[in-house]
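Student: Give me a model of this one.
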Amino acid sequence: MTEENMPVSTSSASSPQEKAWLAGGSLLLALLALGGVVVLSVQGYSQLHTLENQLARRIGEFDTASRDARVAAKSANEALADLQNRLLALESRAQDTQNQQIALTAMYQELARSADERVLADIEQTLLLAQQQLQLAGNIKAALIGLEAADARLSQLAKPQFAALHRSIIKDIERLKLMPAADIEGMNARLEVLILGVDKLKPESDREETSRRPGPHVSISALGTLENLSREAWAEIKSLLRIRRLDHPDLPLLTPEQSFFLKQNLKLRLLTARLSLLQRDEATFRVDMKAAMVWVNSYFNRQDPATRVFLDSLEKLLLAPVALQDAHINLSVRTLRAMRGTRE
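Tutor: You can find the predicted model right below:
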């Protein structure tokens, strides 16, 4: 067999079979394709059904979640509304509290100002009393006691608004401590002794003769009776007369009654000087003391030891200081009044 004859014979011999086979194969393939399509359709339907079920489940879950969310949102809104109400209530309470705090602060400031005013009023009273002690009595010790009491009170309070007043009081205290204090008590005692000693002074008219020469001794046996009687009469006449030496011949002689009133007037002069001393009235004190010295020098016996001691005491008292120079606390008083004026 040749190659050229083989196909011819094959195609001619198998042509119907091939067609049958081809038709069967095509049918089989169609059936297979149809089965595949059916299978795929079933699978697709199954998947679609599964997807539908999943989607329905998901939608149900979403609806449930949405309902829960709506419930939660509603609860949240209710809670938010409740919180807002509570917040408004708290803000109202906070406003009330703030108003109360402002009122309490104002009340406290008013009370603090009232307390400060009371302190300033008390210290002002103390300073005025101290100033009166200095001006009327010149009593530095009493003034220092008042100033030190005010200083102690301000130190205990330790408030900055009182710092200027505290410094002024301290300066006045130190200045008063350096001032010399007049011995008013000692001078008063000496004046009292002088007043009591006025009665011991002897007037100029009571000056006694220091010496007398005795008359001649007459022997009765040597003279006659008539001569003796004449001499005795003359001696009696001379005893009725007394010749005295007066240092101030221009002054009239004083009777006992006039001497009494002179001593009483001298006592009044000394009492007036004593009152001026206690009042620190130096001018009046010196006028009264000079007048007392003039009276003693003019009307009393300066040779008498009591008169000399009396005049010496008067001279010492006349030279002693009475009034205090610059005895004041004006700095403290001005500072306190400036503080009170600023507050008012």
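Student: in the protein, which spans are helices?
Tutor: Ranges of helices in the chain, per DSSP state H, are 5-132, 140-157, 163-177, 184-197, 225-240, 256-278, 282-299, 305-319, 330-343.
Student: For Glu204, which of these is the nearest?
Tutor: With Cβ to Cβ as the measure, helix 282-299 is the member of those nearest Glu204 (5.8 Å). For glycine as for every other residue, the C-beta is placed from the backbone atoms N, C-alpha and C.
Student: Identify all contacting residues around that closest one.
Tutor: The contact list for helix 282-299 (Cβ atoms under 8 Å, 6 or more residues apart in numbering) reads 201, 203-204, 248, 251, 254, 262, 265-266, 269-270, 272-273, 276-277, 302, 307, 310-311, 314-315, 317-318, 321-323.
Student: Separate out the buried members of the residues you listed.
Tutor: Neighbour counting over the contacts of helix 282-299 (16 or more other Cβ atoms under 10 Å) leaves 201, 203-204, 254, 262, 266, 269-270, 272-273, 276-277, 307, 310-311, 314, 317-318, 322 as the buried ones.
Student: which stretches of this protein have low pLDDT?
Tutor: 1-15, 108-113, 137-138, 180-182, 205-224, 236-254, 323-326, 342-344 (pLDDT under 70).
Student: what domains does the record give for it?
Tutor: Taking automatic domain parsing as the reference, the chain has its domains at 111-180+329-343, 182-204+249-323.
Student: Let's have the ones you listed in JSON lines, adding distance to Asp82.
Tutor: Output for those, formatted as JSON lines (distance: least, Cβ to Cβ, whole Å):
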{"stretch": "domain 111-180+329-343", "distance to Asp82": "42"}
{"stretch": "domain 182-204+249-323", "distance to Asp82": "84"}
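Student: Which one of the ones you listed lies nearest to Lys74?
Tutor: So among the domains of the chain, domain 111-180+329-343 is nearest, using Cβ to Cβ, at 53.9 Å.
Student: how close does the nearest residue to Leu277 once chain neighbours are set aside sit to Leu278?
Tutor: Spatial nearest neighbour of Leu277, excluding adjacent residues (Cβ to Cβ, 6 or more residues apart in numbering): Phe285 at 5.4 Å. Using Cβ to Cβ, to the nearest Å, one obtains 10 Å as the distance from Phe285 to Leu278.
Student: Between those two, tell me which one has more neighbours.
Tutor: Shown here are Phe285 and Leu278; by other Cβ atoms under 10 Å, Phe285 has more neighbours (25 against 17).
Student: Next, count neighbours for the residue lying closest to Ser155 once chain neighbours are set aside.
Tutor: Once flanking residues are discounted, Ser155 sits nearest to His166: 7.2 Å by Cβ to Cβ, 6+ apart. Residues near His166, counting by other Cβ under 10 Å, number 21.
Student: got the contact list for His166?
Tutor: 151, 154-155.
Student: residues contacting the nearest residue to Ala142 once chain neighbours are set aside?
Tutor: Spatial nearest neighbour of Ala142, excluding adjacent residues (Cβ to Cβ, 6+ apart): Gln133 at 4.3 Å. By Cβ under 8 Å, 6+ apart, the contact list for Gln133 reads 139, 142-143, 146.
Student: I'm done for today, thanks for sticking with me.
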